[in-house]
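I would like the atomic coordinates for the input below:
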Amino acid sequence: MKPTESEMEILQVLWEKGESSVRQVHEELNKKDVGYTATLKLMQIMLDKGIVSRDTSAKTHLYKAILSKEHTQHTFLDKMINTVYNGSTARLVMQALGNKRTSKEEIELIKEYLNTL
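Sure thing, here's the model as predicted:
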C-alpha cells in the first residue's frame, strides 16, 4: 500500500509525535491551512486502508501509524529509483548531491558511509 502525498504528511506527524488524536495531527497540519474535517476524513480513509490504527477505548480516539517510516521510505525510494532514474542509484545520488543543498557535514557523513560499504 502506497500512501498519497496528503497521507504522507499525516504519517510524518504520527512518526514524529507517536500516537495522536485527530486534533493533535490537525494542529500540526494547520500550519498548511488544512481544515479539521479534511484531516478527520483523510485519517478515516487511512484507517480503512490499513495505514493507521485507531484506539477507541477513550473518549478521544488515538491514531497510530501502522506503516513504519523505514519501510515507507524504502518503498518510495525504490519506486523513484526505478521510475525516475531508470533503476540507477548512482544517478539518484549524483542528482541529490548536485543540488547544492547538501551541507559539508552531510557530505562527510556520506563519505563515512561509503567507506564502510
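
can we go C-alpha only for contacts and neighbour counts from here?
Will do.

was I right about I51 contacting I66?
Yes: shown here, I51 and I66 form a contact pair, counting by Cα atoms under 8 Å, at 5.4 Å.

if you count what's nearby, which of the two comes out ahead?
Between I51 and I66, I51 has the larger neighbour count (other Cα atoms under 10 Å), namely 20 against 16.

tell me how far the helix or strand bottoming out on mean pLDDT in the chain is from the chain's mean position?
Ranked by mean pLDDT, DSSP states H and E, the weakest helix or strand in the chain is helix 89-97, scoring a mean of 87. Its chain's average C-alpha position is 20 Å from that of helix 89-97, according to Cα atoms, centre = their mean, to the nearest Å.

can you list contacts of that helix?
I81, Y85, T102 (Cα atoms under 8 Å, 6 or more residues apart in numbering).

And that helix, what's buried?
Residues of helix 89-97 classed as buried by neighbour count (16 or more other Cα atoms under 10 Å): L92.

repeat for stretch 64-79
For stretch 64-79, by 16+ other Cα under 10 Å, it's K64, A65, I66, L67, K69, T72.

Looking at those, which is nearest V22?
Closest approach to V22 among the buried residues of stretch 64-79 (Cα to Cα): K64, at 10.5 Å.
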